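# this one's sequence-less:
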């Protein structure tokens, strides 16, 4: 017994932390508004770097058999094939090259012909590690399906929260959520990370995680609302956020550690997925649940009915001579 | 909350142990597992992105199906009207999605009645859906229009997919590939997945061919060039030669002597004189009889072997071919002769199929992904364990045990479902380690808080669990909803991510509610702490 008591444990957040998060809403709300608008503008004017999953085309990953790949030479060889836009990039190691060939006009068979041309041009100097061809019909469907999926997820979660909490909580969580997604999409536009099927998975996971965080805080707020009838709403929110702060931080540190391991050792194939997750979960998710999801409840009128119920009681005591 | 009966404790440990045990077959080589009883053989299947392989999505060409169906309707119209001796002012023609025919005014009613009989009720789920295969419309002035209905096309496409799955199965099996999977996808698609196939060129060659083979006589009444410029005779048409035949035009009779359906066998071989690759074939009895008759009557005339609207060879009949077997030589390579033999043995596809999606991963990349995924998982797990122990001491060890069991159970459930593990699936597992820890963090932080309000360790632990579990349930259900949506809307590897994330959430809730509580309860009973290390 004595042994564990003598080991000092890491205490990230002191027990009596009383940080005034609610005051920050005067900074965080306008800041979030500005960032969200910037993200939306980025999306419309800078656009996303759609991968072949959504715009169709061909993706070929090759590994040079003898030493580092000569990108310049490959670029000129493939550029001379007349396949339209051909992009080459080093992929993880100097021997590995990712080749992206734009969608070929002339339907599904033209895509196949394009691969054969590339294979002929590159000859036997390279190993083909991965070849993906997505035709125009499939890519259109994948985009539509993913958009519907994302919308449906938000809707389903909204319904669930509405059943479990009051509607203001559901709405607050929803605003916080859409805010997360908008900022993450802005980040993807800014960095021009490949936006493919796995990005949709990343967005949905960010959605789940940031909600997870929001729900933990909302749970506490609901409990406090039931227990303390006389504390003002901003104070009550502050206490709730402060008392869950330690948990939020520890949890996010562990998730970040897991994500960092993936980023460092998971290989190049999942790099963009993990980068997006780190941005969404760690940077945005945490900030949102504390600085947006909780204070927004003030504006959505949570607890006002409670204040009104107490209001007349106080007035009647005041009138008493 | 902290008291757990002995039976409950046994049930909890047994459940955890059984699920973890189901993961065991994954750690033994397949040859060893094969000798175990069948119920113990269930294991995780590696996705194509991890073991390497080809994923090819084919779509039935709806236009081709429509065209064939219209040709059949045109034939039927011609036949029934001729049989009923209905006079025509214009022969049936295909226009858009309809067949139009002009009937002499006096025969109109009789003709219409016959044509209406052509429209058949479509079978729905309950025998009849009330829909019919053709809309027969009396436009006026003797013009009758028969339009294909959309349900008729959909129904036909469904049949085409069913037949194609079977034929593709035969073709793929002939290539000697290991464990190919061929499935219908939706109404008009077929998914072919072949693990371990890193270069699908031959497979694509074989899937892309309809392989409709016909033997037809060459029409020698005029040279093909003249028919091209003028008008070919009504019962003949121009068919071009294959690339090896320099795309030369041939004037062929429309009448088919024998078609590929009447072949009983086809084998690749070599010509004895020229030692060129050839394909030798055998007809069935009726095919042999028809072929014998036609060749007897047409000695000295050329006939053509047509594959998918291309003449591959047009030899002259030197003598009657009576034995019902023969050979095709048409500038084959060894490989293309072999492919053609496979196609002929498996039979023709009922309609054209196009490759609309193709994903091929080489075995090397798959192996790399597995190695990197393992490395990331070990490091992720180790970092999390160290962090938890530094933060919570002994309770951090409890959390780590719970997470370990959690991951074991995820593998167990995946094995039990024979689920497919993909690269995103591995990410899902690593992330689950993060979420699983969260449930412990929620409980411990709550215990800390409860202690601060002046509770004794035991009541604080009790209250901490009770209050934290409601939160754990709420927060996990929201993530689970996201995973479920991802499962239904995702495709391929992304689906694998949804599967591991979803299973991970369920096992997380299980361990938080049972195992973690059990460990803490036992510890409290054994140590009877007066003070908690974490508070």
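Thanks, I have the structure now. Nothing here was measured: the structure is a model prediction, and the numbers come from that model. Residues are numbered from 1 along each chain as shown, chains lettered A, B, ... in the order given.
# and residue B:57, how far is that from residue A:197?
Using CB to CB, to the nearest Å, residue B:57 is found at 14 Å from residue A:197. No exception for glycine: its C-beta is placed from N, CA and C like everyone else's.
# briefly note if the one helix or strand residue A:98 maps to comes near chain B.
Using DSSP states H and E, residue A:98 falls within strand A:93-101. No - Strand A:93-101 does not reach chain B (CB under 8 Å from any CB of the partner chain); its nearest approach is 9.4 Å.
# can you give the contact residues for that strand?
By CB atoms under 8 Å, 6 or more residues apart in numbering or on different chains, the list of residues contacting strand A:93-101 from outside reads A:52, A:57-64, A:67-69, A:71, A:74, A:78, A:83-91, A:114-115, A:118, A:126, A:129, A:268.
# quick one: it to chain centroid distance?
27 Å (CA atoms, centre = their mean, to the nearest Å).
# what is the subsequent helix or strand relative to it?
Next along the chain after strand A:93-101, with elements defined by DSSP H and E, is helix A:107-122.
# buried ones among the contacts of strand A:93-101?
A:52, A:57-64, A:69, A:74, A:78, A:83, A:86, A:88, A:91, A:114-115, A:118, A:126, A:129 (16 or more other CB atoms under 10 Å in any protein chain shown).
# near chain B, list only the ones from the residues you listed.
A:61, A:63, A:129.
# what about residue 26, how many residues nearby?
Picking chain A for this. Using other CB atoms under 10 Å in any protein chain shown, residue A:26 has 10 neighbouring residues.
# hmm, I had chain B in mind actually
16.
# now do residue B:459
Neighbour tally, residue B:459, other CB under 10 Å: 15.
# how far away is the residue most central in space within chain B from chain A?
Chain B has residue B:191 as the residue nearest its centroid, 2.0 Å off, counting by CA atoms, centre = their mean. To chain A, residue B:191 is 11 Å away according to CB to the nearest CB, to the nearest Å.
# ok, that residue touching residue B:165?
No - assessed by CB atoms under 8 Å, residue B:191 is found out of contact with residue B:165, at 9.7 Å.
# identify the contacts common to the two.
Joint contacts of residue B:191 and residue B:165 (CB under 8 Å, 6+ apart) are B:182, B:183, B:184.
# report the buried residues of the worst-scoring helix or strand of chain B on mean pLDDT.
Across the helices and strands of chain B, mean confidence by mean pLDDT, DSSP states H and E is lowest for helix B:30-33: a mean of 79. For helix B:30-33, the neighbour count (16+ other CB under 10 Å) marks residue B:33 as buried.
# and the next helix or strand past it?
strand B:45-46.
# which residues of the stretch 201-350 of chain B fall in helices?
Ranges of helices in the stretch 201-350 of chain B, per DSSP state H, counting those that start in this stretch, are B:201-207, B:224-229, B:285-297, B:334-346.
# and for chain A?
Secondary structure of chain A by DSSP state H: the helices cover A:2-6, A:25-41, A:52-55, A:71-79, A:107-122, A:136-164, A:167-191, A:197-227, A:233-265, A:271-277, A:286-287, A:296-299, A:304-319.
# and the shortest one, anywhere near chain B?
No - between helix A:286-287 and chain B, judged by CB under 8 Å from any CB, nothing touches; the nearest distance is 12.8 Å.
# what comes into contact with that helix?
In contact with helix A:286-287 (CB under 8 Å, 6+ apart) are residues A:28, A:213, A:248, A:252.
# what's the local residue count around the first one?
The reference is to residue A:28. Around residue A:28 there are 19 residues (other CB under 10 Å).
# and it, what does it touch?
Residue A:28 neighbours (CB under 8 Å, 6+ apart): A:287, A:291, A:292, A:295.
# any idea how far the nearest residue to the second one once chain neighbours are set aside lies from chain B?
The spatial neighbour of residue A:291 that comes closest, neighbours along the chain excluded (CB to CB, 6 or more residues apart in numbering or on different chains), is residue A:28 at 3.8 Å. Going from residue A:28 to chain B by CB to the nearest CB gives 22 Å.
# I'd like to know how far the closest residue to chain B within the stretch 101-250 of chain A sits from residue A:197.
Nearest residue of the stretch 101-250 of chain A to chain B: residue A:149, at 3.1 Å (CB to the nearest CB). In this view, residue A:149 and residue A:197 are 11 Å apart by CB to CB.
# ok, those two, which is more surrounded?
Each of residue A:149 and residue A:197 has its neighbours counted (other CB under 10 Å); residue A:197 has more, 25 against 21.
# that one and residue B:491 touch, don't they?
Yes - with contact defined as CB under 8 Å, residue A:197 and residue B:491 form a contacting pair (6.8 Å).
# what touches both of the two?
Joint contacts of residue A:197 and residue B:491 (CB under 8 Å, 6+ apart) are residue A:142.
# what is the mean pLDDT for stretch A:184-193?
Averaging pLDDT along stretch A:184-193 gives 92.
# about what we covered before: in the sheet, who's paired with the residue nearest to the centre of chain B?
Bridge pairing for residue B:191 (DSSP bridges) gives the partners residue B:57, residue B:183.
# before we move on, what about residue A:60?
residue A:99, residue A:131.
# okay, which residue is most central for chain A?
What sits nearest the mean C-alpha location of chain A, by CA atoms, centre = their mean, is residue A:280, with 3.4 Å.
# hmm, residue A:179 and that residue touching each other?
No - assessed by CB under 8 Å, residue A:280 is found out of contact with residue A:179, at 11.3 Å.
# find the closest residue to chain A in the stretch 51-200 of chain B.
residue B:57 (6.8 Å).
# chain neighbours aside, what residue packs nearest to residue B:329?
residue B:278 (4.5 Å).
# same question for residue A:55.
residue A:139 (5.8 Å).
# residues near that neighbour, how many?
For residue A:139, using other CB under 10 Å, the count is 21.
# ditto for residue B:418
Neighbours around residue B:418, by other CB under 10 Å: 11.
# part of a strand, is it?
No - Residue B:418 is assigned coil when assessed by DSSP: H, G, I helix; E, B strand; the rest coil, not a strand.
# close enough to count as contact, it and residue B:26?
No - look at residue B:418 against residue B:26 with CB under 8 Å: they stay out of range, at 11.3 Å.
# between these two, which contacts overlap?
What both residue B:418 and residue B:26 touch, as defined by CB under 8 Å, 6+ apart, is the set B:43, B:44.
# residues touching the nearest residue to residue B:424 once chain neighbours are set aside, list them.
Leaving out its chain neighbours, the residue that sits closest to residue B:424 by CB to CB, 6+ apart is residue B:497, at 3.5 Å. By CB under 8 Å, 6+ apart, the contact list for residue B:497 reads A:198, A:201, B:422, B:424, B:425, B:427, B:428, B:486, B:490.
# let's see it at 10 Å
Counting by CB atoms under 10 Å, 6 or more residues apart in numbering or on different chains, residue B:497 touches A:197-198, A:201-202, A:204-205, A:273, B:422-429, B:431, B:483, B:486-487, B:490.
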